[in-house]
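[1] starting from these lines, generate the structure:
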Amino acid sequence: MLTDTLEALRTDLERAIGTVESLDALAEVETKFLGRKGELTNILRQLGELPVEERKAFGQRSNEIKVEAEAWIAAARERLERAVRSAIGETERVDVTEPGTHPTEGHLHIMTQTIREITQIFERIGFYRTRYPEIDWDWYAFESLNMPSDHPARDNWETFFMDAGESKLGKMVLTPHTSNAQGHELERKQFPIRMLNIAKCYRRQSDTTHAPMFHQFEGLYVDRDVNLTHLTGIVKYFVESFFGKTRTFRLRPHHFRFTEPSFEVDVSCGICNATGLTADGQKCRVCKRGWLEIGGCGMTHPNVLKSCNVDPDIYTGLAFGWGIERIAMMKDGINLADIRTLYENDLRFLKQF
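    So this is what the prediction gives:
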């Protein structure tokens, strides 16, 4: 009776292995028939019920069936794995001739592009980049620049004063301009000075033409016999390099505490060619009157040199400071109605540049 059960198990096992269609199903069959708690194990546990003379033959037959079953399972596994590999070749085949999907690529922000371009322009005429604190002492931000303590520029409506301790250099401020670099660079007394300081500035202003945080580049050239023709030449060189040779500039007398004489620099409007009128006779919406202000400049005031123990009878200098956002807005092909758009992180805008 037990021998008949063993042979029936062999038949069922052979049939089950022959009909499986997946590796998971094959594993279930193997566990069901040959596992530690499988049907063959259960039959072998009944070996003690047989007469002693039949046990040896029954054990040998059980081993033969187990060896056969393992061979059937191995063959079935190879067949199923081959089918899986064949299916992968059809369903997951890569067509290397088909165009791929390119990931989204980023690029430098328009302000970073502008800063790099300005740096390269001035490097070509011997200016070197410096980097001075954006949180600095009152002395560097104002007093060394010929601004006494009662000067209106110290009004906290425009300047962020830090809630920090004071020193002999005064209070700490978020630099409202990059001109604080002048005092630092003059103190080094490594002449000639051809400094270009590019940094963030902070003022309590926010409207279409002002932002609480913006960038400036500050140029300082100090040497023996520096004069106004050097200043005019540098301005002309920058305008033509940055805006193009079709654009021109003009200097308007102005007043800055740290330069004398001082000038505002205007660049001709690229939209109306400095006429103030469009081709159809309408007032230019970009400039209104033909010119766009880009910043200030002038000859270094003797008091600035004296504040850093530089003899103005030996050395003279020139300085210029311009807002980077502003000159970027004035470049041909860029027409911004609101300077704050530059920092709104709107990809529809940023991808244009």
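[2] rest of the way, CA atoms for contacts and neighbours
    Fine.
[3] need the pLDDT of Arg154.
    What the model reports for Arg154 is a pLDDT of 67.
[4] which residue is nearest the middle of this structure?
    Leu108 (6.6 Å; C-alpha atoms, centre = their mean).
[5] gap between the helix or strand of the chain with the lowest mean pLDDT and the chain center?
    Within the chain, confidence by mean pLDDT, DSSP states H and E is lowest for helix 39-44 among all helices and strands, at a mean of 74. Offset of helix 39-44 from its chain centre (C-alpha atoms, centre = their mean, to the nearest Å): 68 Å.
[6] I'd like to know which elements it is packed against.
    When contacts are defined as 3 or more C-alpha pairs under 8 Å, 6 or more residues apart in numbering; DSSP states H and E, helix 39-44 packs onto helix 2-19, helix 23-34, helix 52-91.
[7] wait, which of these is closest to Ala141?
    Ala141 lies closest to helix 52-91 among those, at 68.9 Å (C-alpha to C-alpha).
[8] and the closest one, what other elements does it pack with?
    Partner elements for helix 52-91 (3+ C-alpha pairs under 8 Å, 6+ apart): helix 2-19, helix 23-34, helix 39-44.
[9] Glu158 is in contact with Arg204, isn't it?
    Yes. Glu158 is within contact range of Arg204, at 5.0 Å (criterion: C-alpha atoms under 8 Å).
[10] just to revisit the earlier point, could I get the helices and strands packed on helix 52-91 as TSV with mean neighbour count and distance to Phe58?
    Listed next are these as TSV, based on neighbours: other C-alpha atoms under 10 Å; distance: least, C-alpha to C-alpha, whole Å:
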stretch	mean neighbour count	distance to Phe58
helix 2-19	15	7
helix 23-34	16	17
helix 39-44	16	9
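[11] would you turn those into a markdown table with distance to Gly244?
    Shown next, in a markdown table, are the helices and strands packed on helix 52-91 (distance: least, C-alpha to C-alpha, whole Å):
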| stretch | distance to Gly244 |
| --- | --- |
| helix 2-19 | 81 |
| helix 23-34 | 72 |
| helix 39-44 | 91 |
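[12] of all these, which lies closest to Tyr128?
    Using C-alpha to C-alpha, the nearest of the helices and strands packed on helix 52-91 to Tyr128 is helix 23-34, at 70.6 Å.
[13] this protein - how does it break down into domains?
    2-91, 110-350 (automatic domain parsing).
[14] any idea which of the ones you listed is most buried?
    When the domains of the chain are scored by mean count of other C-alpha atoms under 10 Å, the highest mean neighbour count falls to domain 110-350 (a mean of 18).
[15] end to end, how far does that domain reach?
    7 Å (C-alpha to C-alpha, to the nearest Å).
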